[in-house]
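Visitor: Give me coordinates for this.
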Amino acid sequence: MKYNIRIAIYIRLSKPDADGKIQEESNSISMQRILIRKYIESHFTSFQIMEYQDDGFSGTDFARVR
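Guide: Modelled structure (predicted):
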């Protein structure tokens, strides 16, 4: 049985990249996206993913107001 499910994922920078290189996206965000999508793909057959992210604002910093 297939379901058409909409799944929202929220990805937040856990810590800044240690290498200091300027990139389009942090390694933390990229890895979270890979892990979350693999989990979703292993548990659902028909889905639409809506992605939200805070790249550049670490979860270790409470001053995340833009």
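Visitor: where are the low-confidence patches of this structure?
Guide: Within the chain, the segments meeting pLDDT under 70 span 1-3, 14-25, 55-66.
Visitor: Please enumerate the strands of it.
Guide: Taking DSSP state E to define them, one finds strands in the chain at 5-12, 47-54.
Visitor: so the first one versus strand 47-54, what angle?
Guide: Between strand 5-12 and strand 47-54, the angle comes out at 20 degrees (axes from the mean of the first three to the mean of the last three Cα atoms, to 10 degrees).
Visitor: Show me the contact partners of strand 5-12.
Guide: Applying Cβ atoms under 8 Å, 6 or more residues apart in numbering, the contact partners of strand 5-12 are 29, 32-33, 36-37, 40, 44, 46-55, 57, 59. In short, each C-beta sits where N, CA and C put it, glycine included.
Visitor: Buried among these? Make that a ChimeraX selection.
Guide: A single ChimeraX command is used to select the members of these judged buried by 16 or more other Cβ atoms under 10 Å:
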select :29,32,33,36,53
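Visitor: what are the ranges of the helices in this structure?
Guide: Along the chain, the stretches classed as helices by DSSP state H are 27-43.
Visitor: Ser42: neighbour count?
Guide: Counted with other Cβ atoms under 10 Å, the neighbours of Ser42 add up to 7.
Visitor: and if you look at Ser26?
Guide: 20.
Visitor: so it makes contact with Leu13?
Guide: Yes. At 5.6 Å, Ser26 and Leu13 qualify as touching, with contact defined as Cβ atoms under 8 Å.
Visitor: Excluding sequence neighbours, find me the nearest residue to Asn4.
Guide: Ser46 (5.1 Å; Cβ to Cβ, 6 or more residues apart in numbering).
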